[in-house]
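Q: 3D model of this:
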Amino acid sequence: MSAAPSLTSRDWGILAVLALVWGSSFLLIELGLTGFGPLTLVFLRIALAVPLMLVAMRVAGQRLPRDAHSWWQLTIIGFLNLAFSQALFFWAQTRIDSGLSSILNATVPLWGVVMAHYFTRDERATPAKVMGVVIGFAGLVVMVGPDALAGVGQDVAAQLACLLATACFAAAAVWARRLGSHVQPLAAATGQMMTAAVMLLPLPLLFETPFAAAPSLTAVAALLTLAIVATSFTYLLYFRLIATAGASNAMLIALLMPPVAIGLGVLFLNETLTGGQLLGLALILTGLIIIDGRLVARLALRRAVP
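A: The predicted model follows:
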């Protein structure tokens, strides 16, 4: 059995960048939904990112895979990671409170630890990883606040859709590990976007009336930012992180996004940090430290040395 992948300092840096971008994308989605239907928005977000990814591949001198097996894998990943999960999540976000949505979205690492344990060879669910993820999730619930849980059970369909979306997102990350080294991260990110865009194309035409009214400039700007920054750029980093640090470690991003969103509110919206938010942040950091393991190992070594 090969050694379990771990998070390096560079991987933590990628996680921080992803958390910053995706943590602020909730606001962009809200702005985009003022001018586009949820299915139209998710399709345009991905479709507009595809040409940018193809240009990046050309600049990097890379090519898309040519064998049918790789494209079958990318189609599954595109369906789980973007087409199905994003459509579910965007639809659910129009029906449930953002606080409850962020809590449900943070179940991704929990799904990831279980799936990676059973469906990968080198990502076993160690006691430290399980403990760290559970503590981190508990910290997120404390940070968002118990009031967000008041809506549990009120719109069961939307809440189940959000949970199913997180399970699909975790499954896609685990499946991406099956690609191996013969499909580079940039090619994997581009290929899954292409297949997802094709799958999503009929949905807004069947269930919505795209462009029935001209969207506002704010909605268009939000869409373009989602496509350029929060999709093409971030998915390149995300697939690179899966390849180097493993699927379950990459999914820790779900624990980092809400603290970033709250921090941005403090910096730019003059919001005030509450005691519960600080306690939640402390629990999340504790969970991440346990998962990382390096600080715990150093403390154990110091105790062992007389």
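
Q: what bits of the stretch 151-300 of the chain have low per-residue confidence?
A: Along the stretch 151-300 of the chain, the model assigns pLDDT under 70 to residues 151-153, 180-181, 269, 293-300.

Q: Apply 90 and report the result again.
A: 151-160, 162, 176-185, 207-214, 240, 243-278, 280-281, 284-300 (pLDDT under 90).

Q: Ala165 is in what secondary structure piece?
A: helix 156-176 (DSSP states H and E).

Q: Following element in sequence after that helix, please.
A: Heading C-terminal from helix 156-176 (DSSP H and E), you reach helix 185-200.

Q: quick one on the thing from earlier: which residues does the helix holding Ala165 contact?
A: 73, 76-77, 80-81, 84-86, 88-89, 91-93, 95-96, 100-101, 104-105, 107-109, 111-112, 115-116, 119-120, 152-153, 188, 192, 239, 242-243, 247-248, 250-251, 254 (C-beta atoms under 8 Å, 6 or more residues apart in numbering). Placement of C-beta: from N, CA and C, glycine included.

Q: Neighbours of Leu206, how many?
A: By the criterion of other C-beta atoms under 10 Å, Leu206 has 8 neighbours.

Q: again, but for Arg10
A: Around Arg10 there are 12 residues (other C-beta under 10 Å).

Q: Model confidence at it, what's the number?
A: pLDDT, Arg10: 90.

Q: just to revisit the earlier point, between the helix holding Ala165 and helix 185-200, what angle do the directions make?
A: Put simply, helix 156-176 runs at 140 degrees to helix 185-200, going by axes from the mean of the first three to the mean of the last three C-alpha atoms, to 10 degrees.

Q: Can you list the buried residues in helix 156-176?
A: The neighbour-count check on helix 156-176 (16 or more other C-beta atoms under 10 Å) flags 158-159, 161-176 as buried.

Q: Likewise for stretch 49-57?
A: Neighbour counts over stretch 49-57 (16+ other C-beta under 10 Å) mark Ala49, Val50, Leu52, Met53, Ala56, Met57 as buried.

Q: Please tell me how far Pro38 sits from Tyr238.
A: 22 Å (C-beta to C-beta, to the nearest Å).

Q: Val142 too?
A: Val142 is 27 Å from Tyr238, where distance means C-beta to C-beta.

Q: neighbour-wise, which of those two wins?
A: A count of neighbours by other C-beta under 10 Å puts Tyr238 above the other of Val142 and Tyr238, at 23 against 19.

Q: can you give me the helices in the stretch 201-306 of the chain?
A: Taking DSSP state H, counting those that start in this stretch, the helices of the stretch 201-306 of the chain run over residues 202-207, 217-227, 234-245, 247-250, 253-268, 275-292, 294-304.

Q: Tabulate the buried residues of stretch 49-57 in JSON lines, adding columns for distance to Leu20 and secondary structure.
A: As requested, the buried residues of stretch 49-57 are exported to JSON lines (distance: C-beta to C-beta, whole Å; DSSP: H, G, I helix; E, B strand; the rest coil):
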{"residue": "Ala49", "distance to Leu20": "18", "secondary structure": "helix"}
{"residue": "Val50", "distance to Leu20": "24", "secondary structure": "helix"}
{"residue": "Leu52", "distance to Leu20": "19", "secondary structure": "helix"}
{"residue": "Met53", "distance to Leu20": "21", "secondary structure": "helix"}
{"residue": "Ala56", "distance to Leu20": "20", "secondary structure": "helix"}
{"residue": "Met57", "distance to Leu20": "25", "secondary structure": "helix"}
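
Q: Out of these, flag the one nearest to Ala214.
A: Using C-beta to C-beta, Ala49 is the member of the buried residues of stretch 49-57 that lies nearest Ala214, at 22.6 Å.

Q: picking that back up, hey, which of the helices of the stretch 201-306 of the chain is tucked in deepest?
A: Burial of those is given as mean neighbour count (mean count of other C-beta atoms under 10 Å); helix 247-250 ranks first at a mean of 29.
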